[in-house]
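> Okay, sequence plus prediction incoming.
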Amino acid sequence: MLQEGNILRSKGIDAVIGLLETHGRKDTADQVGGLPVIPRTKTSYQAAQLEEMDTETIISLCPEVVLVDELAHTNVPGSPFKKRYEDVIRLLESGISVISTVNVQHLESLNDAVLQLTGVRVRETVPDAILKMADEVELIDVTPQMLQSRMRDGKIYALEKVDQALGSFFKIGNLIALRELALREIADDVDERLEAWDRNTSLRGHWRRREVIFVCVDTGSRSERLIRRGFRIAHRL
């Protein structure tokens, strides 16, 4: 994301950083380069001063492109929007282009698959509809071994958290499964964009639109899982 922002900046495009989480990583901070950083807004919560993206200031400055990290983030209670992706929608509605980042495990429709694969229920999610709004989706892919190596070097988490992370969510088996999910997701996205582009002349596309999936739900605890499963099936059709 930072590399892309600096490339745009070098071409004379007004690109700025709306929100970046370096987590103390020097390598990440060094990649900011010449990108201006919009100061965050401070919010008091439970005797602490917390910071969030200052969406309204960004809109008032009206840059051409804004970089927004960690799309699935939940904002501090009392913020204008509950989720960061809602801030992004506000920016888009104001005519500002956005480049953002999200991990595959944060996609809402994959929530049950991630739980089944890793044993961890991811609490912060992004609706799949947000991904469909994107003009372009780019997969940033590394091997599980390389990812673990980066973690051990302190390039992802603080060093004191590395052993815990490697022994739980970021085990090799989990990373292989998550990588497969990401590759499948990007392949589906590419296929859908190709068919949408050719839909006017594609008999296959015309007939596929007649497929309908119904999901029968009640107020039970399984309903959310059924809706997500129904969405995945309908999306594949």
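That came in fine, so what should we check first?
> Find the residue at the geometric middle of the chain.
Nearest to the geometric centre of the chain sits V102, at 2.1 Å (CA atoms, centre = their mean).
> Quick check: that one touching L71?
Yes. V102 is in contact with L71 according to CB atoms under 8 Å; the separation is 4.2 Å. For glycine as for every other residue, the C-beta is placed from the backbone atoms N, C-alpha and C.
> Using the three-state scheme, assign the residue nearest to the centre of the chain.
Taken by DSSP: H, G, I helix; E, B strand; the rest coil, the conformation at V102 corresponds to coil.
> residue contacts, it?
By CB atoms under 8 Å, 6 or more residues apart in numbering, V102 lies in contact with E70, L71, A72, V126, L131.
> hmm, back to that, quick check: neighbours shared by V102 and L71?
Residues touching both V102 and L71 (CB under 8 Å, 6+ apart): V126.
> residue contacts, S44?
L50.
> what kind of secondary structure is it in?
Following three-state DSSP, we place S44 in the strand state.
> Return the list of helices and strands in contact with the top helix by length along the chain.
Longest helix in the chain, counting residues (DSSP state H): helix 172-197. Taking 3 or more CB pairs under 8 Å, 6 or more residues apart in numbering; DSSP states H and E as contact, the helices and strands that helix 172-197 lies on are helix 111-118, helix 144-152, helix 203-208, helix 223-236.
> mind listing what's buried in it?
N174, L175, A177, L178, R179, L181, A182, E185, D189 (16 or more other CB atoms under 10 Å).
> Next: stretch 143-161.
P144, L147, Q148, M151, G154, I156, Y157.
> Which neighbouring residues are in contact with the last one, exactly?
The one in question is Y157. H23, M151, A165.
> of these, the lowest pLDDT goes to which?
Across the contacts of Y157, the bottom pLDDT score, 83, is held by H23.
> can you give me phi and psi for it?
Backbone torsions for H23, taken as degrees, to the nearest 10, come to phi 50, psi 30.
> who touches it in this structure?
H23 neighbours (CB under 8 Å, 6+ apart): I156, Y157, A158.
> In three-state terms, label the first one for me.
Just to be clear, that refers to I156. At I156, secondary structure determined by three-state DSSP is coil.
> remind me which residues of the chain are low pLDDT?
198-210 (pLDDT under 70).
> swap the cut-off to 50 and go again
Within the chain, the ranges that satisfy pLDDT under 50 run 202-207.
> any idea how far N75 is from the closest residue to R150 other than its chain neighbours?
Ranked by CB to CB, 6 or more residues apart in numbering and with sequence neighbours excluded, the top spatial neighbour of R150 is I156, at 5.6 Å. From I156 across to N75, the span is 23 Å (CB to CB, to the nearest Å).
> pretty sure L71 is touching S100, no?
Yes. Using CB under 8 Å as the test, L71 is close enough to S100 to be in contact (4.6 Å).
> Now do the shared contacts for those two.
The contact sets of L71 and S100 overlap at V88 (CB under 8 Å, 6+ apart).
> So what would you say the end-to-end distance of stretch 149-167 is?
14 Å (CA to CA, to the nearest Å).
> Also stretch 119-128?
So stretch 119-128: terminal residues 22 Å apart, CA to CA.
> Buried residues of that stretch, list them for me.
Result for stretch 119-128 [16+ other CB under 10 Å]: buried residues V122, T125, V126, D128.
> Could I get these in a markdown table, plus columns for distance to V66 and secondary structure?
As requested, the buried residues of stretch 119-128 are arranged in a markdown table below (distance: CB to CB, whole Å; DSSP: H, G, I helix; E, B strand; the rest coil):
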| residue | distance to V66 | secondary structure |
| --- | --- | --- |
| V122 | 26 | coil |
| T125 | 22 | coil |
| V126 | 17 | strand |
| D128 | 22 | helix |
